[in-house]
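[1] With the sequence up front, the predicted model follows.
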Amino acid sequence: MTRKHDPSNTPAAEQDAVHSAEFTCRLVDLSVSFGDRDVLDNIELVVGPADRIAVLGDNGSGKSTLLRVLAGTLAPDRGERLATVPGAIAYAAQNPQFPGTASIAEVIDSYHHRLRRLEQLIEAIGARLATAGDAKAQRLLAQLEQVTDLYEAADGYSVGPRLDSALQQLGLGLVSRDTPVNSLSGGQRSRLALACVLSSGAQLLLLDEPTNDLDDDALHWLEAAVQRHRGALVLVSHDRVFLERFARRIILVEGRKLKAYGDGYRGFLRAKETERAAAIAAFERWREDLERSETLVSKNAARVADIPRKQEKAAFGHGAFRLRSRNHGSTSKIRQAKSRIEELESHPAPRPADPLEFRMPHGGGAPDGQRPLLHSAGAARPGAPRLLLGEMTLAAGERWLVGGPNGAGKTTLLKVLAGELPVQRGMLHRREGLRVGWLRQELGEPPGDTVIEAFAAALGIYQDEAVSRIVKLGLFAPRDLFMHPRALSAGQQRRLELAIAVSREADLLLLDEPTNHLSPDLVEQLEAAVAEYPGAVVTVTHDRRWREKQAGQRGVRLLDIVHGTVRFER
């Protein structure tokens, strides 16, 4: 059930009551399913009038579904959405869908329909005032004041300049408003929705991955616009810098449930570390208790075995003398210990995931470890895709951070370094036996009919061993290990590739947008694993936090690629 009050559709006499009503946006015992797949199950959420909430979780966990429910564009299967938002709700979807025949101007009007309605009310009341008598004029003036208050609360008088500025900053300022939206790219449509929402003056903003596909200037504008917003904000983002700046509360979507964390993004990370430490301690207690009970069974079973069976024995003519029965204290202890073992095994403590760890061959002690891994002697690809490496050497253990605009040739560089693309001029020498680990930006289709089969095939191991190894990483729920790879979400596919990458030994890691499709807390773990890895690493990433940390470290070489030409900044 959905209950929503829109002031633009409320009689003028009632609008003041709506305007002064307490902000309410609440989900009660709410569930959403798509077919036979449950996405959200009996969740509860309250959004306050000044809340700043970030929704985190793996791709496919239900984050966008949660925003659609809050926006009122998706009806729940069970439960209630209770929304009384006097200043309206504006929702910028990650992949917005517009009517194919709509123009940009029509799309803008659809987002600003509340302001347009208020403008119409102001104009209509003003027209009636011109011909009204004194008594009626008083009532109309009161109504006009109420409607004007609503319009001013949404900064309606400045919506035009705000929209123009937003479109300009997001790269759409020169696009005609008559342009059909179906001629725009996916990124342009997302930025159009973002511009409309941030200029709408709505009280509750819902932003789904607002930082995607934005350059540095657009990011600065977005952050300034969000900073100016005085109402409530609920956002989905993988941008850790954005999360740190604007999230006061974190909602984690996991296992169809919501879990709340306070004190912003850093508080969320601290809480996750505390949870992990508690899980490790609980597992260790469980394991020690099990081992102790098994030892008790073993010790007492040996004692019982040493006692001969009771037998009759003549003595002094006083009938049968019996040796001590085997049914004494030791057997009682065995029964108690076995009962405890049964209880522990039926309620095992979850095994904490092993920390992510990249490993080098032979423990990093290869005899030719001092030799360069790669050396370019004028290596180049003049043809498509174009790449000019020139003279360069990649030493063992060195770190490269690669930058450049989209399409400049960053992924081409990684493919050349990996040996997947040949050079057409000059020479590119690789150290003999060089082993390369590679986390790709493009998600391929792994072989096999299940996650386990794909993992085993990639590593060349038996499936029994594959199960043991992938379970220890904690990247998949046990029920997901037997899913078909084609049924995996983008986040799950990325986890599979990450599981394969950390399970292989390599002298050189190639990371192409490694944070894509991963939850921020998993990105933090990946970042720590890369920092601990002693081998060479070449990283291509737009992740601001990753670049900030890498660029500030000694020994990291910064590369920039412009039109296929590789240049070292330092």
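    Received it, and whenever you're ready, just let me know what you need.
[2] Only C-alpha atoms from now on, for both contacts and neighbour counts.
    Will do.
[3] show me the contacts for the closest residue to N182 other than its chain neighbours.
    Using C-alpha to C-alpha, 6 or more residues apart in numbering and skipping the chain neighbours, the partner closest in space to N182 is G100 (5.4 Å). For G100, the contacting residues are 180-182, by C-alpha atoms under 8 Å, 6 or more residues apart in numbering.
[4] Of the residues you listed, which count as buried by neighbour count?
    Buried members of the contacts of G100, scored by 16 or more other C-alpha atoms under 10 Å, are 180-182.
[5] Could you provide the contacts of G100 in TSV, with additional columns for pLDDT and secondary structure?
    Formatted as TSV, these follow (pLDDT from 0 to 100; DSSP: H, G, I helix; E, B strand; the rest coil):
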residue	pLDDT	secondary structure
P180	92	strand
V181	91	helix
N182	91	helix
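[6] Which stretches in the stretch 51-200 of the chain count as strands?
    Along the stretch 51-200 of the chain, counting by DSSP state E, counting those that start in this stretch, strands occupy 52-56, 78-84, 89-92.
[7] In a markdown table, list those along with mean pLDDT, mean neighbour count and distance to A490.
    Below are the strands of the stretch 51-200 of the chain laid out as a markdown table (pLDDT from 0 to 100; neighbours: other C-alpha atoms under 10 Å; distance: least, C-alpha to C-alpha, whole Å):
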| stretch | mean pLDDT | mean neighbour count | distance to A490 |
| --- | --- | --- | --- |
| strand 52-56 | 96 | 25 | 15 |
| strand 78-84 | 94 | 20 | 27 |
| strand 89-92 | 95 | 25 | 21 |
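[8] And those strands: which comes nearest K259?
    Closest to K259 of the strands of the stretch 51-200 of the chain is strand 52-56 (C-alpha to C-alpha; 9.8 Å).
[9] and that closest one, how far out from the chain's middle?
    Relative to its chain's centre, strand 52-56 lies at 11 Å (C-alpha atoms, centre = their mean, to the nearest Å).
[10] so what secondary structure elements neighbour that strand?
    Using 3 or more C-alpha pairs under 8 Å, 6 or more residues apart in numbering; DSSP states H and E, the elements in contact with strand 52-56 are strand 232-236, strand 249-254.
[11] Buried deepest among these, which one?
    Highest mean neighbour count of the helices and strands packed on strand 52-56: strand 232-236, a mean of 23 (counted as mean count of other C-alpha atoms under 10 Å).
[12] Would you mind listing the residues in contact with R139?
    No contacts exist for R139 under C-alpha under 8 Å, 6+ apart.
[13] re the thing from before, look up how far S237 lies from the residue nearest to N182.
    28 Å (C-alpha to C-alpha, to the nearest Å).
[14] Run through the strands of the stretch 451-570 of the chain in chain order.
    For the stretch 451-570 of the chain, applying DSSP E, counting those that start in this stretch gives strands covering 508-512, 536-540, 556-562, 565-568.
[15] and this structure, what are its domains?
    Listed domain ranges for the chain are 51-73+88-262, 272-346, 369-568 (source: automatic domain parsing).
[16] average pLDDT across the last one?
    Yep, that's domain 369-568 we're talking about. In this model, domain 369-568 has an average pLDDT of 90.
[17] who's in contact with F242?
    Per C-alpha under 8 Å, 6+ apart, neighbours of F242: E223.
[18] list the helices and strands the helix or strand hosting L344 packs on?
    Secondary structure from DSSP states H and E places L344 in helix 329-346. Applying 3+ C-alpha pairs under 8 Å, 6+ apart, one finds that helix 329-346 makes contact with helix 264-306.
[19] nearest spatial neighbour of the spatially most central residue of the chain, skipping sequence neighbours?
    By C-alpha atoms, centre = their mean, the chain has its centre lying nearest to S519, at 2.7 Å. Spatial nearest neighbour of S519, chain neighbours left out: D58 (5.2 Å); criterion: C-alpha to C-alpha, 6+ apart.
[20] What is the burial count for that neighbour?
    Residues contacting D58 under the criterion other C-alpha atoms under 10 Å number 22.
[21] Distance check, it against Q492.
    8 Å.
[22] For G173, find the nearest of the strands of the stretch 451-570 of the chain.
    strand 556-562 (25.6 Å).
[23] Listing partners with orientation, what would you give for that closest one?
    Strand 556-562 pairs in its sheet with strand 399-403 (parallel), strand 565-568 (antiparallel), by DSSP bridges.
[24] Tell me which residues of that strand come out buried.
    556-562.
[25] Check stretch 509-529 too.
    Using 16+ other C-alpha under 10 Å as the test for burial, stretch 509-529 gives 509-524, 526-527, 529.
[26] which stretches of the stretch 1-150 of the chain form helices?
    Under the criterion DSSP state H, counting those that start in this stretch, the stretch 1-150 of the chain contains helices at 12-20, 63-71, 104-111, 113-129, 134-153.
[27] Report the mean per-residue pLDDT for the last one.
    Spelled out, it's helix 134-153. Rounded mean pLDDT across helix 134-153 is 82.
[28] from the chain's centre, how far out does it sit?
    Counting by C-alpha atoms, centre = their mean, helix 134-153 comes out at 47 Å from the chain centroid.
[29] what angle do it and helix 113-129 make?
    160 degrees (axes from the mean of the first three to the mean of the last three C-alpha atoms, to 10 degrees).
[30] Am I right that M427 falls within a strand?
    Yes. Judged by DSSP: H, G, I helix; E, B strand; the rest coil, M427 forms part of a strand.
[31] Now do it: how many residues are near it, please.
    17.
[32] residues touching it, list them.
    With C-alpha under 8 Å, 6+ apart, M427 has these contacts: 376-379.
[33] if we go to 10 Å?
    Residues counted as contacts of M427 (C-alpha atoms under 10 Å, 6 or more residues apart in numbering) are 375-380, 389-391.
[34] Please report the distance of it from L509.
    Taken as C-alpha to C-alpha, the span from M427 to L509 is 21 Å.
[35] before we move on, what about V236?
    For V236, the distance to L509 (C-alpha to C-alpha) stands at 30 Å.
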